[in-house]
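Chemist: Sequence plus predicted model, see below.
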Amino acid sequence: MSQVLFLTEFLSFLLIEQSSIVLALSISVLFFLILLILGWRKSYKLKKESHELSENFTIDSEQDNKDYKDFTDGHMYDNH
């Protein structure tokens, strides 16, 4: 009789209750939801920074596209 009692206690220990499964899944979902939110936030920040850098680059490139001035007309260049 004691062996049967021991066996049933051992088997009941191995069985997982539904509430513990729900708790584990809830913790997992919460963890991955936090990771997803952090990823969205990082993506938004990088997109915003990329947009700002591209605007600055277009302003700088417009200033660089001014009329070309020939600098070889100076006295240090031998133009015969």
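Modeler: Perfect, I can see it now.
Chemist: C-alpha from now on. contacts and neighbour counts both.
Modeler: Fine.
Chemist: Mind naming the longest helix for this structure?
Modeler: helix 18-64 (DSSP state H).
Chemist: mean confidence score for that one?
Modeler: Here helix 18-64 scores 89 as its mean pLDDT.
Chemist: For that helix, name the packing helices and strands.
Modeler: Packing partners of helix 18-64 (3 or more C-alpha pairs under 8 Å, 6 or more residues apart in numbering; DSSP states H and E): none among the helices and strands.
Chemist: Is there a neighbour count for residue 57? I'd like the number.
Modeler: Neighbourhood size, residue 57 [other C-alpha atoms under 10 Å]: 12.
Chemist: Return the residues in contact with it.
Modeler: Contact partners of residue 57, counting by C-alpha atoms under 8 Å, 6 or more residues apart in numbering, are absent.
Chemist: Any figure for the gap between it and residue 49?
Modeler: 12 Å (C-alpha to C-alpha, to the nearest Å).
Chemist: Equivalent analysis for residue 20, please.
Modeler: Distance from residue 20 to residue 49, by C-alpha to C-alpha: 44 Å.
Chemist: element containing residue 5, please.
Modeler: Per DSSP states H and E: residue 5 is located in helix 2-14.
Chemist: what mean pLDDT would you report for that helix?
Modeler: Helix 2-14 shows a mean pLDDT of 70.
Chemist: For residue 7, which residues are in contact?
Modeler: Contacts of residue 7 by C-alpha under 8 Å, 6+ apart: none found.
Chemist: what's the neighbour count on residue 4?
Modeler: Neighbour number of residue 4 under other C-alpha under 10 Å is 9.
Chemist: Revised request: answer the last question for residue 8.
Modeler: Neighbour count for residue 8, taken as other C-alpha under 10 Å: 12.
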